[in-house]
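In: What would the 3D arrangement of this be:
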Amino acid sequence: MPKKYLHRYDDVITVIGGVEAVADLVGKSHSAVSGWRTRTGLFPAQHFFAISRELREWGCDAPDDLFDFDGHRPRPIRTKRPRWSEAARQKIVDGKR
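Out: Next up, the predicted model:
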């Protein structure tokens, strides 16, 4: 199965199962994960392997530039928060988004 590349922070969150699922995956609080999006729009570099491994389980991958390897690079973010649902996750995984 070819990999679906996710180029948006919100798509990665959706495929993994929402903010709570990402928080559980990396051992951080819900507010910490939400804060990453607010502050930089990037995942901390130390969570690269855990997040990448989980995405591979769904047949997806994310580019390195979604991870903060340089130390809190400012990045424009969307202000509208998406709703997390199984249907949204499946659309992204199936390439229908």
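
In: C-alpha from now on. contacts and neighbour counts both.
Out: Will do.

In: give me every residue that touches the most centrally placed residue in the chain.
Out: Geometric centre of the chain, nearest residue: Val12, 2.8 Å, by Cα atoms, centre = their mean. Listed by Cα atoms under 8 Å, 6 or more residues apart in numbering, the contact set of Val12 reads 6, 55, 62.

In: Hmm, Ala62 and the first one touching each other?
Out: Spelled out, that is Leu6. Yes - at 5.0 Å, Leu6 counts as touching Ala62 under the criterion of Cα atoms under 8 Å.

In: Which ones among the contacts of Val12 lie within helices?
Out: Leu55 (DSSP state H).

In: Using CSV, lay out the contacts of Val12 together with distance to Ser31 and pLDDT.
Out: Listed next are the contacts of Val12 as CSV, based on distance: Cα to Cα, whole Å; pLDDT from 0 to 100:
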residue, distance to Ser31, pLDDT
Leu6, 23, 92
Leu55, 21, 95
Ala62, 22, 92
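
In: Distance to Gly17 added to the contacts of Val12, as CSV?
Out: Conversion of the contacts of Val12 to CSV gives the following (distance: Cα to Cα, whole Å):
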residue, distance to Gly17
Leu6, 14
Leu55, 10
Ala62, 15
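
In: Reformat the contacts of Val12 as a markdown table; add distance to Phe69 and neighbour count.
Out: As requested, the contacts of Val12 are exported to a markdown table (distance: Cα to Cα, whole Å; neighbours: other Cα atoms under 10 Å):
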| residue | distance to Phe69 | neighbour count |
| --- | --- | --- |
| Leu6 | 18 | 19 |
| Leu55 | 19 | 22 |
| Ala62 | 14 | 21 |
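
In: between the contacts of Val12, which is nearest Glu20?
Out: Proximity of the contacts of Val12 to Glu20 (Cα to Cα) peaks at Leu55, which lies at 15.4 Å.

In: was I right about Cys60 contacting Val93?
Out: Yes - if you go by Cα under 8 Å, Cys60 and Val93 touch, sitting 6.8 Å apart.

In: anything in contact with each of those two?
Out: Lys4.
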